[in-house]
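S.K.: Could you work out the structure for the sequence below:
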Amino acid sequence: MPSQTLVQHFVNELKKLQDHTRSYSDRYFTLDDLCSEAGYGQGVQEFCLAGGPRAIVEIAVRHWPADGKLSSSAAAADVVEVCHHDECPDPFVSDDCDVNRSLRRTAIGMLAEMSNYKPYVLAMEKAGMFAPEVLPRMLEQTMAQLDFPVHNKGLSCYEVKDQTQAIAVHLLNLAANALVHSIPLRIQLVQHTALKVCTLYQDPYSQFVAKSAAERAAERAKLEARGLEEKEIEKRIHKLTDKQQKWEKEKYDESEYSGTEVGGLHYYFIRFINHLVQCCPEDQLLRLIHEGGLISKLRGNMSPKEPSMITLYGPHMAVIRLTEVWTKNCYKLSDVMYQRVRDDEDHSLELRLDGNGAFRGGELQKALDCYWKAIALNPEDSSLYNNISLVYAKMGDSLQALYAAEESLKVDPAVSKSWARLGDAYRMMERWQLAHLAYTAALEMMPNDADILARQSDARSHLAQVWDIDRDVPDGMRDFIHSPSLYFKWLGLGKDDLMEMYKAGPDQDDFIDSLLERREGHSRHIACTKIKEDVKNARALAVATGLLKPETLPACCKDLVRIEDLPRGFESWTISWTDTPLRHKQTGLNRHTLTAMSGSRMRSMLTVLGTPGVAAVRKLLISGMTNPMFGQPERPTIIFVAHR
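M.R.: Numbering: from 1, shown residues only. Below is the predicted model:
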C-alpha cells in the first residue's frame with residue numbers, strides 16, 4: 001500500500017498541473033499504480049481525503065471548451081496544451097506511452113478508470129462531476145461531434161489518436177460505471193441524456209448501409225453525367241445493389257464494420273446501455289426504443305450472418321429486455337403514433353391541393369415537388385402517383401410517367417385511374433398492345449367509362465391483332481415452371497436459350513434472372529405477363545372487398561368471392577416486413593418487403609414505399625386470402641404481425 005507521502009506527492013503533481021507548472025521530480029506515482037496497489041483499502045480513502053478526485057475533476061472542467069466545440073473527430077490530435085514533456089515523465093500515464101495526450105483527455109481518462117471504485121465515484125459526485133452541466137453535457141456534446149464511422153479499435157495510445165472519439169469512450173465508460181452508485185447522475189441520464197446519446201449514436205450496420213447508399217448515389221450521378229437513359233441507369237444501380245448485398249452476406253463479419261472490439265466506441269456504448277437498462281423505468285426505455293431506435297442500433301452491433309453467443313458484455317441481454325418492454329408497453333404509444341399519422345395525412349392533403357393548383361397554373365415542376373413531398377408523408381395514397389404520372393406525361397417524359405403509374409398500381413391495383421395512367425404512358429411510347437391491355441384492365445375496374453373507352457379504341461386502331469389478357473397472355477412464372485418451352489417461345493427465345501438454361505443446373509435461377517434482364521425493356525411479352533399478374537391480383541382484391549361482383553368480370557373470375565364468404569382455415573399466419581437497401585430517389589423513403597406466411601408456405605408478398613401502414617398490411621392479407629396461386633382461398637385463424 002502506498003504511503004501517505006506518496007499519495008500527497010501525487011495530489012501535489014495534480015495541483016501543479018492545474019497551475020500549468022511542470023514537475024521535474026525523479027520520483028512520481030501514477031494512478032494505475034495507486035489503484036492496483038491500494039485496491040479498496042486505505043490508499044484510496046487517503047487519495048480521496050487528500051482531494052485527488054476533486055483536483056482531476058477541476059482539470060477536466062477547466063480544459064473543457066466553454067462552447068463545447070471539440071476538435072473534429074477526424075483530427076489527428078486535440079489542439080490543446082499537452083501534458084507530456086521530454087524531460088518530465090507524465091504523472092498520469094506509464095513510462096512506455098510515448099504519445100502526446102491533452103490534459104482534457106488525460107483527466108477524463110483518469111476519471112473513467114477511477115469510476116471502477118465506488119469511493120472515487122462518491123468523491124466525484126461531491127466534486128460536482130455529475131451535475132447536469134458537467135458529465136451529461138460533456139457526453140452530449142462529444143457524441144454530437146463524432147465523425148462516423150469511428151475506429152473499431154481499443155483506445156490504447158498506440159492505436160487511436162482521434163481525441164474526440166477517445167473522450168467519448170472515456171465518458172461512456174465513466175457514465176456506465178458511475179450511474180450504478182450515483183442516484184443524481186442516474187436520474188439525469190435516464191430523464192434527459194440517454195435519449196440524446198442513443199439518437200446521436202450510429203451502429204456499425206447503419207454505417208454500412210449509409211456507405212452503400214452513398215456509393216449508389218455516386219454511381220447514379222456518374223451515370224447521369226454520361227447521359228445514359230433512366231432504364232439503363234436503374235439496371236446498373238440494381239447490379240450494384242446486388243453486389244453490395246452479396247458482399248454483406250459473405251464478407252460483412254470480416255470487415256471494419258463488424259464486431260465490437262473491447263475498448264472501442266461500440267463496445268462502450270453497449271456497456272453504457274447494459275448498465276442503463278438495469279436501472280431505467282419501463283416508460284423511459286419505451287422512449288429510447290421508439291424515439292432513439294435503440295433496439296435497431298443494438299442489433300446493428302450483432303452479426304447479420306448468424307446469431308452470436310449471448311454474453312454479459314454484448315448487446316443480447318439488453319435486446320431481450322428491450323424487446324420484452326416494447327411488447328408489453330407499445331400500446332401506450334398508439335394514440336401518439338396515430339396522431340402523427342393523421343397529422344401527416346392532413347399535411348399531405350394540403351401539399352396535394354397545392355400541387356393541383358400549380359398544375360392548373362402550368363407550373364409543372366412546382367406541382368411535381370408538391371406531390372413528391374406529399375408522398376413522403378403519405379406513401380399509401382395512389383392518387384398522388386397518378387397525378388405525378390400525369391405531370392410527367394405533360395412534360396413529355398413517358399418513361400417517368402410509366403414508373404409513376406407502376407408505383408400507383410403497387411399501392412392499389414384495384415384503382416381504375418392507375419390502369420388508365422399506365423395505358424397513357426404506354427400509348428406515349430407507342431407500345432400499343434400494352435396500352436390496350438392496361439385500358440382493358442381499367443375498364444374492368446370502371447366499366448363504360450367513355451374517356452377510357454376512347455383511349456382503348458385509339459390503341460386498338462394501331463394493332464393488327466389484339467391480345468386477350470386471359471386467353472393469349474401466359475401466366476408468368478406458373479407457365480414458366482410447368483411449360484418452359486411454350487413460355488420461351490412466347491418470350492421470343494430460341495431452343496439454344498432453353499438448352500443453356502438446362503445446362504446451368506443448380507444455377508438455373510441466376511441464368512433465368514440474367515436472361516430476363518437482357519430481354520426486359522426490349523420485349524413487350526415480359527411486360528404483358530407482368531400486367532396479367534397485376535390484373536389477376538386487382539380482380540381478386542376488387543371482388544374480395546366488394547368493389548366488383550364476379551359476374552361483371554370474365555368467366556375465369558367466377559370463383560372469386562368476398563372475404564366474408566371465404567371458409568375459415570385452420571392455420572395461423574405470420575405477417576412480417578423487412579427493410580431493404582433500396583431508397584426512393586425523390587422521397588428518400590426506404591422500400592420494405594412484406595410477406596404473409598402460413599407455416600412454411602408463402603401466401604403473398606408485397607413491396608411498399610416507406611414504413612408499412614394499415615392499408616399495406618390489409619392489402620397483403622386480402623391478397624393472401626383470395627389469390628388462387630397460393631392454394632385454396634381461406635381466412636386465417638390467427639394472425640401474428642412482426643417487424644424484422
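S.K.: The helix or strand harbouring Glu324 packs against which elements?
M.R.: In the assignment (DSSP states H and E), Glu324 maps to helix 316-329. Helices and strands touching helix 316-329, as assessed by 3 or more C-beta pairs under 8 Å, 6 or more residues apart in numbering; DSSP states H and E, comprise helix 265-279, helix 282-290, helix 294-299. For every residue, glycine as well, the C-beta is placed using N, CA and C.
S.K.: and Lys239, which of those helices is closest to it?
M.R.: For Lys239, the closest of the helices and strands packed on helix 316-329 is helix 294-299, at 27.8 Å, according to C-beta to C-beta.
S.K.: where in the stretch 201-350 of the chain is pLDDT low?
M.R.: In the predicted model of the stretch 201-350 of the chain, residues 249-263, 303-313, 331, 334, 336-338 satisfy pLDDT under 70.
S.K.: which residues of this structure fall in strands?
M.R.: Remark: strands assigned in the chain by DSSP state E are 572-583, 590-598, 601-609, 638-643.
S.K.: Turn the ones you listed into a markdown table, including distance to Pro65.
M.R.: Rendered in a markdown table, the data for the strands of the chain read as follows (distance: least, C-beta to C-beta, whole Å):
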| stretch | distance to Pro65 |
| --- | --- |
| strand 572-583 | 37 |
| strand 590-598 | 37 |
| strand 601-609 | 43 |
| strand 638-643 | 41 |
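S.K.: returning to that earlier point: with respect to Ala318, which of the helices and strands packed on helix 316-329 lies nearest?
M.R.: helix 265-279 (4.9 Å).
S.K.: now the helix holding Glu324 and helix 282-290, what's the angle there?
M.R.: 110 degrees (axes from the mean of the first three to the mean of the last three C-alpha atoms, to 10 degrees).
S.K.: May I see the helices and strands packed on helix 316-329 arranged in a markdown table, with mean neighbour count and distance to Thr593 as well?
M.R.: Shown next, in a markdown table, are the helices and strands packed on helix 316-329 (neighbours: other C-beta atoms under 10 Å; distance: least, C-beta to C-beta, whole Å):
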| stretch | mean neighbour count | distance to Thr593 |
| --- | --- | --- |
| helix 265-279 | 22 | 28 |
| helix 282-290 | 19 | 23 |
| helix 294-299 | 21 | 17 |
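S.K.: contacting residues around the closest residue to Val411 other than its chain neighbours?
M.R.: In space, not counting the residues next to it along the chain, Val411 is nearest to Ser382; the distance is 4.2 Å by C-beta to C-beta, 6 or more residues apart in numbering. For Ser382, the contact set (C-beta atoms under 8 Å, 6 or more residues apart in numbering) comprises 408-409, 411-412, 415, 418.
S.K.: Return the subset of the residues you listed lying in helices.
M.R.: 408-409, 411, 418 (DSSP state H).
S.K.: quick one: which of the residues you listed is most hemmed in?
M.R.: Sorting the ones in helices among the contacts of Ser382 by how many neighbours each has (other C-beta atoms under 10 Å) puts Ser418 first, at 30 neighbours.
S.K.: thinking Met428 is in contact with Gln400, fair?
M.R.: No: taking contact to mean C-beta atoms under 8 Å, the distance of 10.8 Å between Met428 and Gln400 leaves them out of contact.
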